[in-house]
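Q: Below are the sequence and a predicted model; questions follow.
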Amino acid sequence: MLTIDQYNQTEEIIKPQINANDETNWRKHAHLNHQLGYVYSEKDDYQTAISHYEKTLKTELNFLSSDDPTLALTYNNIAGVYASLGNFTSAFSFYQKSLEIRQKILPPSHPDFRIIYNTIGRLHQDMGDYSTAIETYQRALDIQEKYLPSKHPDSATSYSNFGSIYSVMGDKSKVLEYYQKAFEIQECSLPTKHPDLVTAYNDLGTIYSSMENKQKALSSYEKSFEINLACLPANHPSLVTTYNNIDSVHQSMHDYKTALSLYEKTYEICKNNSQLIQLIEDYTSALSSYEKALVVREKSLIPDDSVLASIYSSIGSALAIQAQKLPSNDPSLATLYITVEFYEKSLQIQEILPSPNYSSMSAIYYNTAMAYEGLGNNEAALKHAESSIETARPAFDFDHSEKKSVKNKSNESSLDKNLNENNDNKTLLSLMRQLIPLIK
């Protein structure tokens, strides 16, 4: 697969050719637009991709017969882009046109049909038409069984398709049947560390868990974890899902000690990949992990635990991020009140620890001040902003190094001046925003 930079380079090569190309050379013109459509679809610029594919289609319709196989490919690619946009009705229409052309020019059991039947089956599934999806998947499987070896990986994909649709329909016995068939093929046809086996073990773990077969669920999740751990760095974000799967089983088995250990590993990965989590905006997932960690940790009955303080702080941060994403009139902004509650719990623990982490406390005081400001409680915001400044002083020892001394003494000087001469909340919070890069 090409990188985005390579797609950009391809685009730079093709565009001048289109602009300079004589439109009487319709085949080349159609081909270049088709290539650009592909490039833009790979860059997730779907509207531009459709625009170029439609230019290709318009040109081809002017010069080709209605059942030309070239049109089948163009229809298929346009359908794929509409499917990526979630416009399933348009996608289905273009897939049907592609299928109709193939049905006119190919024998009924031609291998090409297994691909388009699987694609259309997935579309029916996404549209909620499960019976038609199953029927279409079966057509694909019937063709595969004629042309492919019984243990071919493509057959495993078909069985997985059946498993996923029966999962949506709630037929657990069918889900298990098809996921097991898929796994048996993948186990003997793929390398032992292949990523598809991670998915297969996770699928089995999920269905075993839903059927209350905890030992088999745990075994499947652990095998998935072993492959991931062998192929990925120990702090890779993908391991979060695996940890969550395993410790959810341990928690259901009341093995809280093991669950706690796994949740702490999840927390460390999330903490060390916070920028990635914010980029993908998976705040709900992060919040769920923290809340589960909280449940387990609270059962350990260690009220002054520093890990518990960190979890409270992380839940507060996740809620604060969630609140920032909401419109100003959204009733869910009530989450800010919960945000403050978790920050305050974290501070209560940290304040009584034998060796307080002043850097962490200063950041939490700052975050709490921001939350109070969002709630319009300026008095509480001012109080926590002042506390943040006070805890920042021992945390960063302004005379510790020459570089920090110059920068921080400047901040300290202007800070003290404003604290003494101006108690305006906005001024103090503005100063806090200048100080927080040092805290973090």
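A: Alright, I've got the coordinates.
Q: Now do the buried residues in the host helix or strand of residue 93.
A: Counting by DSSP states H and E, the element that carries residue 93 is helix 88-105. By 16 or more other Cβ atoms under 10 Å, the buried positions in helix 88-105 come out as 88, 91, 92, 94, 95, 97, 98, 99, 101, 102. For glycine as for every other residue, the C-beta is placed from the backbone atoms N, C-alpha and C.
Q: For residue 142, which non-adjacent residue is spatially closest?
A: Spatial nearest neighbour of residue 142, excluding adjacent residues (Cβ to Cβ, 6 or more residues apart in numbering): residue 109 at 7.9 Å.
Q: what kind of secondary structure is that neighbour in?
A: Counting by DSSP: H, G, I helix; E, B strand; the rest coil, the backbone at residue 109 sits in coil.
Q: Tell me how many other residues surround it.
A: 12 (other Cβ atoms under 10 Å).
Q: got it, and residue 32?
A: With other Cβ under 10 Å as criterion, residue 32 counts 21.
Q: Over to residue 71?
A: 19.
Q: What of residue 124?
A: Residue 124 is flanked by 20 other residues according to other Cβ under 10 Å.
Q: With the one 10 residues further on instead?
A: Here the neighbour count serves as a burial measure; for residue 134 (other Cβ under 10 Å) it reads 18.
Q: cool, residue 49 as well?
A: Using other Cβ under 10 Å, the number of residues around residue 49 comes to 24.
Q: so what secondary structure elements neighbour whatever helix or strand it lives in?
A: Assessed by DSSP H and E, residue 49 sits inside helix 46-63. Applying 3 or more Cβ pairs under 8 Å, 6 or more residues apart in numbering; DSSP states H and E, one finds that helix 46-63 contacts helix 26-42, helix 69-84.
Q: tilt between the longest one and helix 69-84?
A: Which is helix 26-42. Calculated by axes from the mean of the first three to the mean of the last three Cα atoms, to 10 degrees, helix 26-42 forms an angle of 20 degrees with helix 69-84.
Q: Export helix 26-42 to PDB, keeping only CA atoms.
A: Only the C-alpha atoms of helix 26-42 are listed here, as PDB (Å, rounded to 0.1, in the frame of the first residue of the first chain):
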ATOM      1  CA  TRP A  26     -11.000   9.700 -24.800                       C
ATOM      2  CA  ARG A  27      -9.500   6.400 -23.600                       C
ATOM      3  CA  LYS A  28      -6.500   8.200 -22.000                       C
ATOM      4  CA  HIS A  29      -8.700  10.900 -20.600                       C
ATOM      5  CA  ALA A  30     -11.000   8.400 -19.000                       C
ATOM      6  CA  HIS A  31      -8.100   6.400 -17.700                       C
ATOM      7  CA  LEU A  32      -6.400   9.400 -16.100                       C
ATOM      8  CA  ASN A  33      -9.600  10.500 -14.300                       C
ATOM      9  CA  HIS A  34     -10.100   6.900 -13.200                       C
ATOM     10  CA  GLN A  35      -6.600   6.900 -11.700                       C
ATOM     11  CA  LEU A  36      -7.200  10.200  -9.900                       C
ATOM     12  CA  GLY A  37     -10.500   8.800  -8.600                       C
ATOM     13  CA  TYR A  38      -8.500   5.900  -7.000                       C
ATOM     14  CA  VAL A  39      -5.900   8.200  -5.600                       C
ATOM     15  CA  TYR A  40      -8.500  10.500  -3.900                       C
ATOM     16  CA  SER A  41     -10.400   7.500  -2.600                       C
ATOM     17  CA  GLU A  42      -7.200   6.200  -1.000                       C
END
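Q: same for the helix holding residue 93, what does it pack against?
A: On a contact count with 3+ Cβ pairs under 8 Å, 6+ apart, helix 88-105 meets helix 69-84, helix 112-126.
Q: In contact with residue 187, which residues?
A: 197, 200 (Cβ atoms under 8 Å, 6 or more residues apart in numbering).
Q: On the pLDDT front, check it for me.
A: The pLDDT attached to residue 187 in the predicted structure is 94.
Q: what element comes up after the host helix or strand of it heading to the C-terminus?
A: Per DSSP H and E: residue 187 is located in helix 172-189. Per DSSP H and E, the first helix or strand lying C-terminal to helix 172-189 is helix 195-210.
Q: In that following helix, which residues are buried?
A: If you call a residue buried by 16+ other Cβ under 10 Å, then helix 195-210 has these buried ones: 196-198, 200-209.
Q: Give the buried residues for the helix or strand just after it.
A: Sequence-wise, the next helix or strand downstream of helix 195-210 (DSSP H and E) is helix 214-231. For helix 214-231, a neighbour-count test (16+ other Cβ under 10 Å) marks 216, 217, 218, 219, 220, 221, 223, 224, 225, 226, 227, 228 as buried.
Q: For the residues you listed, which two are the farthest from each other?
A: In the buried residues of helix 214-231, two members sit farther apart than any others by Cβ to Cβ. They are 216 and 228, at 18.8 Å.
Q: is it true that residue 167 touches residue 176?
A: No - counting by Cβ atoms under 8 Å, residue 167 sits too far from residue 176 to count as a contact (9.7 Å).
Q: Mutual contacts of the two, please.
A: Common contacts of residue 167 and residue 176, defined by Cβ under 8 Å, 6+ apart, comprise residue 207.
Q: about what we covered before: rebuild the helices and strands packed on helix 46-63 as JSON lines, extending it with distance to residue 135.
A: Formatted as JSON lines, the helices and strands packed on helix 46-63 follow (distance: least, Cβ to Cβ, whole Å):
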{"stretch": "helix 26-42", "distance to residue 135": "29"}
{"stretch": "helix 69-84", "distance to residue 135": "19"}
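Q: Pick out the shakiest of the ones you listed, pLDDT-wise.
A: Looking at these, the bottom one is helix 26-42 with a mean of 85.
Q: so what does it touch, helix or strand wise?
A: If you count contacts as 3+ Cβ pairs under 8 Å, 6+ apart, helix 26-42 packs onto helix 4-20, helix 46-63, helix 69-84.
Q: the inter-axis angle of the longest one versus helix 88-105?
A: Right, helix 46-63. Using the same axes, to 10 degrees: helix 46-63 against helix 88-105 is 30 degrees.
Q: how near is residue 132 to residue 167?
A: Counting by Cβ to Cβ, to the nearest Å, the gap from residue 132 to residue 167 is 17 Å.
Q: Who has more neighbours out of those two?
A: The residue with more neighbours, out of residue 132 and residue 167, is residue 167; 19 against 15, by other Cβ under 10 Å.
Q: what separates the closest residue to that one other than its chain neighbours from residue 58, distance-wise?
A: For residue 167, ignoring the flanking residues on the chain, the nearest one in space by Cβ to Cβ, 6+ apart is residue 175 at 4.7 Å. Here the criterion is Cβ to Cβ. By it, residue 175 lies 44 Å from residue 58.
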